[in-house]
Structure formats: structure tokens, C-alpha cells
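A.B. asks: the following block contains a protein sequence and its predicted model.
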Amino acid sequence: MRFSLQHTDPGSAARAGEVITAHGVIRTPVFMPVGTVGSVKGVFHKDLADEVHARIILGNTYHLYLRPGTEILEKAGGLHRFSAWDRPILTDSGGFQVFSLAENRKITENGCEFRSHIDGSKHVFTPEGVMDIQRSIGADLMMAFDECPPGTAERDYAAKSLELTNRWLERCFNRFAQTQGLYGYEQALIPIVQGCTYPDLRVRSAEFVKQFNADGYAIGGLAVGEPAPVMYEMIEVVNAVLPQDRPRYLMGVGTPENLLEAIARGVDMFDCVMPTRNGRNGMLFTSQGIVNIRNKKWQDDFSLIDPEGTCFVDRTYTKAYLRHLTIAGEMLAAQIASLHNLAFYAGLMEQAREQIVAGTFAQWKPEKIQRISKRL
């Protein structure tokens, strides 16, 4: 994995670059659709490639480990071949899922014991084991195994959690160095900056991960209930420490406004379930603002879903038709809304990149946020 920083915005910390991986080039800033179990829910890979123009998608170590399991993935030749996706893949380490989904979890120095949310069976994730699982999955970008403390954690707990995460990170890199990719291409290991909402802990974490000279760095533990201004403050604190010549990935964020504000503070990569999850529940992000398609006001609105949209669903279906499908519980409604929202997010990133290249991002951002954030 290599990163080239190509443009910076004179009025902000926004950047445009390229991440080069074994499975293709990723232009940044970029939003990565979440494909937890090896699929972006309800969306064909062809549409992700041709309509969303997705350059990279996510898989999740926790879910893929439980089902279908590493034996099946290795027999298939890795997740790329198993899922018929030939572009880059990033895998989250499963840490967040272990701490949020698993029942009766127990954190020790060795790792985390937990019960499967599927059948209640017992499992243990260690830093070494998570590296091995991600080798089996074959993701281009592998995330380090960390503890994900609650966003409301007291400082003492946050500090102890960070020290444990740091020790686990050293074990991740040791195991990574001792092993090789299974499918004939190199993988990159990305460490995660933690520290909750405590600036000194965030600085400590960023300084610690920087010593590993990784191919990229992630910012975790945000967008978990803290006010948006606090999240933005933490991003600024961390990015002041992280290297300029490596990509920065803000995990699990967020709304279109969050993305633009984070780009302005030097973030390059994002992921979030919001486009698909909200789409399945009838919320559309559009160039004119936010639409709740369930509202009765749309039942006889025969305008296109988004006149400025780039996806074929925007050029084909009306708000009235999509509302009808949604109210009727037709599965096509969730597919249309998910595809539209993903294309909107991808298009927003491309627009941001164009503004950064032109040197006008800082002037463009406030009006854009105001327009796309209003509820219609």
C-alpha cells in the first residue's frame, strides 16, 4: 500500500490523494460502503462498481470469523474471490463488535473472551488471532485489534484501556511481521488511535501509533454519543500529530455534514452504515436536503428522487413511486434507497475532491452543508 498526497486546500486542512493497493487505486477523500458479512446489504457488486463507483468496501472480522469462517474463506481463495469483488477491501478487526454485540464478554491481558451473538458459543479474540483471521480473509487493509471503551468512559478507565490497546498493538505488529499474506499480494496493517474525548490521551495514542511507521492510521472511538464539536476537536488534536504523508481514516463516521467537517480537518477515508441503514428505513440524503420518504407529502410528488443525482435510480424513479414501495414494504424500496444514498455519499466525496484540487473547498463547504443538511 502506498499513499500519494496530491493536493491541499489553502483555506483548510483538506487533502486529496491516492491510496495504491494490490487491488486498485483509491482516490481520496473516499467513503467506503460497509459490507459487514462480505456484502453491502441489498446492493449488487455491479451497482457498487458502476453506479456508486465504490473503489473499496469493508468486511468485518468478527462476523466473517463466525460465519462463514476462515476455513471456507481460505478454500475460496480469500474474501475477494469468495464475494466476487475485485477491488480493495478493508476489514475492521472486530473489536467494536466484540464489545458491543457479544454477550458475557471478558477482557483480559491476553484478549477478549466472548459469546457469539449467533449461537452463544464461546470464543477468544487475541491480537495474534485477529491478525491470523485477517490474513485468512485477505483484506488489503487490516485493522489492529483494540479495546473500544464507551464514549462516556471516565478518564481513569480510558487511560487504562489505552494502555491495553497499546500493548495489543505491539502484539499485532509482531504477529503481522511473522506472517505472510496467503493469496499472493501484500496486506497493510493500520493502527487505531483511541483515547475517548481526552485530548492528552489522544495525543499520547497518536504519538504511540506513529512509531510503527504504518501505511496509514485510523481514528477510532468517536461518533459514539459525544457532541459533534468535541469529535471535531479530537480529530484536530490527532491529525496535528499523525504524519502528513499517510492516509487518515475516521472510523464509523457519519452524516454528510460530519464527513465534510472531518475532511476540512485532514481526514481522508470514512465508513459508516448510515447510507444503507437509514435508506432501509426511508431516509434519503439528496442534493436538496434530507427526505423522509414515508411522509405523506411525497405520495403525489412525481419528481425524480434526486434531479442532481448520478445513479440510475435517481434518473428513473420518482419520490411518489419510492414512497409507495416503502409503505408497501416492498424490498425494492430498500434497494433503491440504499443505492441512492451510497451514490450520494460517493458523489459528495468526489465533489469535495474537485473543490480541494481547485483550492476552493473552504469556501464551498459551508453552503454545501447548509443545503444538504436541511430537512425537506
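C.D. replies: Sure, I can see it.
A.B. asks: name the residues that touch the helix or strand encompassing L189?
C.D. replies: Remark: L189 resides in strand 188-190, with elements defined by DSSP states H and E. For strand 188-190, the external contacting residues (C-beta atoms under 8 Å, 6 or more residues apart in numbering) are 1, 21, 90, 131, 140-144, 172-173, 176, 214-218, 249. Every C-beta, even on glycine, is put in place using the N, C-alpha and C of the backbone.
A.B. asks: again, only using 10 Å
C.D. replies: 1-3, 19, 21-22, 90-91, 93, 131, 134, 139-144, 169, 172-173, 175-177, 209, 212, 214-218, 246-247, 249, 251, 269 (C-beta atoms under 10 Å, 6 or more residues apart in numbering).
A.B. asks: L284: what secondary structure?
C.D. replies: strand (DSSP: H, G, I helix; E, B strand; the rest coil).
A.B. asks: so it makes contact with D306?
C.D. replies: Yes - taking contacts as C-beta atoms under 10 Å, L284 lies within contact range of D306: 7.5 Å.
A.B. asks: could you tell me which residues touch both of these two?
C.D. replies: With C-beta under 10 Å, 6+ apart as the test, L284 and D306 both reach 291, 314, 319, 340-341, 344.
A.B. asks: in this protein, which helix or strand is least confident?
C.D. replies: None of the helices or strands of the chain scores lower by mean pLDDT, DSSP states H and E than helix 95-100, at a mean of 77.
A.B. asks: hmm, who's touching that helix?
C.D. replies: Residues from elsewhere that reach helix 95-100 (C-beta under 10 Å, 6+ apart): 36, 60-63, 65-66, 105, 107, 111-114, 117, 123-125, 127, 130, 143-150, 165, 168, 192, 194, 220-221, 224, 251-252.
A.B. asks: got a quick PyMOL command for the buried subset of those residues?
C.D. replies: To isolate the buried members of the contacts of helix 95-100 in PyMOL, using 16 or more other C-beta atoms under 10 Å:
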select buried, resi 36+60+61+62+63+65+66+111+112+113+114+123+125+127+130+143+144+145+146+147+148+149+165+168+192+194+220+221+224+251+252
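A.B. asks: which ones among the contacts of helix 95-100 map onto helices?
C.D. replies: Counting by DSSP state H, the contacts of helix 95-100 place 61-63, 65-66, 127, 130, 165, 168 in helices.
A.B. asks: can I get those residues in TSV with distance to R202 and pLDDT?
C.D. replies: What follows is these, written out as TSV (distance: C-beta to C-beta, whole Å; pLDDT from 0 to 100):
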residue	distance to R202	pLDDT
T61	24	96
Y62	25	94
H63	28	95
Y65	29	97
L66	32	96
P127	21	97
V130	23	98
T165	12	96
W168	18	97
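A.B. asks: just the mean pLDDT for the longest helix that the chain contains, thanks.
C.D. replies: Counting by DSSP H, the longest helix found in the chain is helix 331-358. Mean per-residue pLDDT for helix 331-358: 98.
A.B. asks: other SSEs contacting the helix or strand just after it?
C.D. replies: Later in the chain than helix 331-358, the nearest helix or strand by DSSP H and E is helix 361-373. Applying 3 or more C-beta pairs under 10 Å, 6 or more residues apart in numbering; DSSP states H and E, we find helix 361-373 packed against helix 256-264, helix 331-358.
A.B. asks: and those helices: which comes nearest R55?
C.D. replies: R55 lies closest, by C-beta to C-beta, to one member of those: helix 331-358, at 8.8 Å.
A.B. asks: so which bits of the helix or strand harbouring I26 are buried?
C.D. replies: Secondary structure from DSSP H and E places I26 in strand 24-28. Residues of strand 24-28 classed as buried by neighbour count (16+ other C-beta under 10 Å): 26-28.
A.B. asks: ok, of the residues you listed, which one's closest to E74?
C.D. replies: Of all the buried residues of strand 24-28, I26 has the smallest distance to E74: 25.5 Å, by C-beta to C-beta.
A.B. asks: hmm, the closest one is touching I89, no?
C.D. replies: No - in this structure, I26 is not within contact of I89 by C-beta under 10 Å, at 11.1 Å.
A.B. asks: quick check: neighbours shared by the two?
C.D. replies: 32, 56, 140-141.
A.B. asks: max pairwise distance over those: which two?
C.D. replies: Pairwise distances across those (C-beta to C-beta) peak at 11.3 Å, for the pair M32 and D140.
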